[in-house]
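Colleague: what's the 3D shape of this:
(2 chains)
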Amino acid sequence: MKDKNIPAIEFNHVYKRFPGMKTDAVNDITMDIYDGEFITILGSSGCGKTTLLKMVNRLYDYTGGDIRFYGKSIKAINEVDHRRNIGYVVQAGGLFPHKTVRDNIATVPKLLKWDKKRIETRVDELLDTIGLDAEDYRNRYPRSLSGGQQQRVGIARALAADPNVLLMDEPFGAIDAITRTALQAEVQRLQEKTKKTILFVTHDIQEAFKLGSRVIIMHEGKLQQYDTPDKIMLHPANEFVSKLVSADDPIVRMKVISLGAIMEKVHGDIDAQGIFKSETSPVEETLPIFLKDRSKVIYVENAAGEIAGMVSWNQIANIV
Amino acid sequence: MNWIKFVEYAQKHTDLLVKCLLEHIQLVGTALLISLLIAIPVSLILLRLKKISQVVMALLGALYSIPSLAFFSLLLPFLGLGKKNAIFVLVVYSQFILVRNILAGFHQLDKNIIEAGIGMGMTKFTIFTGVQLPLVLPVLIGGIRIAAIVTIGSATIAQTVNAGGLGKVLFDGLSSMNYIKMLWGTVYTAGLALVVNWVLSRLEIYSLKRAEGRLGNAG
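Modeller: Residues are numbered from 1 along each chain as shown, chains lettered A, B, ... in the order given. This next block holds a predicted model:
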């Protein structure tokens, strides 16, 4: 369908300066985002992270450089058509209070003039995906839903026309911690299932590291680092990043760094017996084992269930 | 005065009272319609011009504070006697109420919701008709309701420039010291205001329930 070598979204020396401002809100950003990546954008308020996101669907127009969407400059695409191709989730769901759950979800399909039957089927399918009973929730209004449910519907609405790319602007910012954890897991599951390209803005470091396959760290409009959580933790690009993510803190490091990043790679078949962990598991999961017996060896499996490497206390000691 | 005379008057002069009532409704209706046709576009323009909107609101407020009797006479050299003069003044008065309400309605809209709509690829037109208008409608109808009641009252004073309507009943009664006539003018005027208020209140409540998603099954 799409050329794998062409980035889904490509920032090329992008600048944004708002009228009347003396500094750039976004300053010379160059980076590529590929199909199927889950990218989180992390930074404190005013760092330009939301501006960066809103330039992708042209809620803001950049003042320098170019953004390409599957190889095509987004300024060359009709902005309304472009937006209908991109899912957009805002804080607290941003649902239309006067429309039912069905009509909220059907927003983009209606704009695309889908026929009624197709819309009904799609709405029910999406309600099922987000774990809400279609029979019960279809005709409800947003005010009768909890905050978490509203945000689920917000996500369903963004997915309605099956876009390749999803933009999420601090979607869980106003949601309580327990619900947030559940929603994070759900978005993660959804992304693994649908392989959508997601750009997810957050100011929550844990959230950024938990969800992002790669993390963009912004500060004062500039890109500080754009890498996997492992690499950011192990090799922070500068003092700012190091401080922001507490890269010096062994506890934080153990929570973020995955076994895959520190394991000793093994090749060929080995007949291993003992303890197995996934390569995506954080280092901290080995702690109870090593605290009992430092001579243990833990085998690390990849997604296919093959042994990819092994970890002993030495590797752990090296990073903490 | 006794009740029999009071009732007799209404029976004898039903034609006059109803004619004046209809005239009054026509006067108020015309004024409100013109007011809305001006206030809606003016408000939509002012929404984009913050500084100018403050000046305009101050100006409309100042006009609103001119006593109606003075305002009607003030325009005599320009618009003369009759309905034209009356409607002009009534339209000016309602502008303040309507524009203020419409602006307040749009300002209270949740920006997050509007931005979600734009971000999903809704056109400005669909956002206006499908999101902004239904959400602003309760406040707009509230403005129309207040403007209607104020106009029903002020329109009686318009008889000073011979605009007709229920003001005619009131002022004729006043000049001939006919208390019964005056009382009937008052009853009709107050009755009209009450009925209009009731109807528009119902509409306002309905549109509010719709805007907040309180219609239908789930609460």
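
Colleague: which residue ranges form the strands in chain A?
Modeller: A:9-16, A:26-33, A:38-42, A:64-69, A:72-73, A:86-89, A:165-169, A:197-202, A:214-219, A:222-227, A:264-265, A:275-278, A:297-301, A:307-312 (DSSP state E).

Colleague: Could you single out the most deeply buried of those strands?
Modeller: Ranked by mean neighbour count, the strands of chain A are led by strand A:86-89 with a mean of 27 (mean count of other CB atoms under 10 Å in any protein chain shown). To be clear about C-beta, it is placed using only N, CA and C from the backbone, and glycine gets the same treatment.

Colleague: which of the residues in the lowest-mean-pLDDT helix or strand in chain B are buried?
Modeller: Every helix and strand in chain B was compared by mean pLDDT, DSSP states H and E; the lowest is helix B:76-79, with a mean of 83. Neighbour counts over helix B:76-79 (16 or more other CB atoms under 10 Å in any protein chain shown) mark B:L79 as buried.

Colleague: And it, what does it pack against?
Modeller: helix B:83-107 (3 or more CB pairs under 8 Å, 6 or more residues apart in numbering or on different chains; DSSP states H and E).

Colleague: Which residue is it, in chain B, that comes closest to chain A?
Modeller: For chain B, the residue closest to chain A is B:G213, as judged by CB to the nearest CB, at 2.8 Å.

Colleague: how about the residues of the stretch 101-250 of chain A near chain B?
Modeller: A:107-108, A:111, A:139-144, A:154, A:157-158, A:167 (CB under 8 Å from any CB of the partner chain).

Colleague: mind listing what the residue of chain B closest to chain A touches?
Modeller: A:P97, A:H98, A:K99, A:T100, A:Y141, A:P142, A:R143, A:S144 (CB atoms under 8 Å, 6 or more residues apart in numbering or on different chains).

Colleague: count of neighbours near the second one?
Modeller: Look at A:H98: counted by other CB atoms under 10 Å in any protein chain shown, it has 24 neighbours.

Colleague: May I see the ChimeraX selection of the buried members of the contacts of B:G213?
Modeller: To isolate the buried subset of these in ChimeraX, counting by 16+ other CB under 10 Å, use the following:
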select /A:97,98,99,100,141,142,144
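
Colleague: Report the spatially nearest residue to the residue of chain A found nearest chain B, omitting neighbours in sequence.
Modeller: Nearest residue of chain A to chain B, counting by CB to the nearest CB: A:Y141, 2.8 Å away. Spatially, and ignoring its direct neighbours in sequence, A:Y141 is nearest to B:G213 (2.8 Å; CB to CB, 6 or more residues apart in numbering or on different chains).

Colleague: could you dump the contacts of B:G213 to CSV with pLDDT and distance to B:K181?
Modeller: Listed next are the contacts of B:G213 as CSV, based on pLDDT from 0 to 100; distance: CB to CB, whole Å:
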residue, pLDDT, distance to B:K181
A:P97, 96, 51
A:H98, 96, 48
A:K99, 96, 53
A:T100, 96, 55
A:Y141, 96, 52
A:P142, 96, 56
A:R143, 94, 52
A:S144, 94, 55
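
Colleague: May I see the contacts of B:G213 arranged in TSV, with distance to A:S73 as well?
Modeller: Converted to TSV, the contacts of B:G213 look like this (distance: CB to CB, whole Å):
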residue	distance to A:S73
A:P97	36
A:H98	37
A:K99	34
A:T100	38
A:Y141	40
A:P142	36
A:R143	41
A:S144	43
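
Colleague: Hmm, A:I67 is touching A:Y15, no?
Modeller: No - counting by CB atoms under 8 Å, A:I67 sits too far from A:Y15 to count as a contact (11.1 Å).

Colleague: what about A:L259, distance to B:I87?
Modeller: Separation of A:L259 from B:I87 (CB to CB, to the nearest Å) stands at 81 Å.

Colleague: swap that for B:G130, please
Modeller: From B:G130 to B:I87 the distance is 34 Å (CB to CB).

Colleague: So these two - more neighbours on which side?
Modeller: B:I87 (23 against 19).

Colleague: The more buried one and B:A31 touch, don't they?
Modeller: Yes - contact criterion CB under 8 Å: B:I87 and B:A31 qualify, at 4.9 Å.

Colleague: quick one: contacts for B:V196?
Modeller: Applying CB under 8 Å, 6+ apart, the residues contacting B:V196 are B:R145, B:A148, B:I149, B:I152.

Colleague: Quick check: phi and psi at B:L47.
Modeller: phi -60, psi -30 (degrees, to the nearest 10).

Colleague: how many other residues sit next to B:K124?
Modeller: A total of 11 residues lie near B:K124 under the criterion other CB under 10 Å.

Colleague: can you state the direction angle for the single longest helix found in chain A and strand A:38-42?
Modeller: Ranked by residue count under DSSP state H, the longest helix found in chain A is helix A:177-194. Interaxial angle, helix A:177-194 versus strand A:38-42 (axes from the mean of the first three to the mean of the last three CA atoms, to 10 degrees): 140 degrees.

Colleague: and the angle for helix A:177-194 with strand A:165-169?
Modeller: 170 degrees.

Colleague: got the angle for helix A:177-194 vs strand A:197-202?
Modeller: Going by the same axes, to 10 degrees, helix A:177-194 makes 160 degrees with strand A:197-202.

Colleague: Domains in chain A, by residue range?
Modeller: As recorded under automatic domain parsing, the domains making up chain A are A:1-81+A:202-248, A:255-319.

Colleague: that older thread, nearest to B:V195, of the contacts of B:G213?
Modeller: Nearest to B:V195, judged by CB to CB, of these is A:H98 at 28.1 Å.

Colleague: The closest one reaches B:A211, doesn't it?
Modeller: Yes - with contacts counted by CB under 8 Å, A:H98 reaches B:A211, the gap being 5.0 Å.

Colleague: where do the contact lists of these two overlap?
Modeller: B:P134, B:L135.

Colleague: Give me the residue ranges of the chain where confidence is low.
Modeller: Answering for chain A, as no chain was given. Along chain A, the model assigns pLDDT under 70 to residues A:1-4, A:268-269.

Colleague: not what I meant, chain B
Modeller: Ranges of chain B meeting pLDDT under 70: B:1, B:216-219.

Colleague: Residue numbers of it in contact with chain A?
Modeller: So far as CB under 8 Å from any CB goes, chain B lies against chain A at B:110, B:112-113, B:115-123, B:126, B:131, B:134-135, B:210-219.

Colleague: Weed out the non-buried ones from these.
Modeller: Buried, going by 16+ other CB under 10 Å: B:112-113, B:115-122, B:126, B:131, B:134-135, B:210-211, B:213-214, B:218, out of these.

Colleague: Tell me which of the residues you listed fall in helices.
Modeller: Short answer: these in helices (DSSP H) are B:N112, B:I113, B:E115, B:A116, B:G117, B:I118, B:G119, B:T126, B:P134, B:L135, B:R210, B:A211.

Colleague: neighbours around A:L259, how many?
Modeller: When neighbours are defined as other CB under 10 Å, A:L259 has 26 of them.

Colleague: What sits closest to it if chain neighbours are left out?
Modeller: A:V300 (4.9 Å).

Colleague: ok, A:D66 touching A:N12?
Modeller: Yes - using CB under 8 Å, A:D66 is in contact with A:N12, at 4.8 Å.

Colleague: tell me the contacts of A:T50?
Modeller: A:D169, A:E170, A:V201.

Colleague: mind listing what the first one touches?
Modeller: Shown here is A:D169, whose contacts under the criterion CB under 8 Å, 6+ apart are A:T50, A:L53, A:K54, A:Y88, A:V89, A:V90, A:Q91, A:V201.

Colleague: Test my guess that B:L170 contacts B:A190.
Modeller: No - using CB under 8 Å, B:L170 is not in contact with B:A190; the gap is 11.3 Å.
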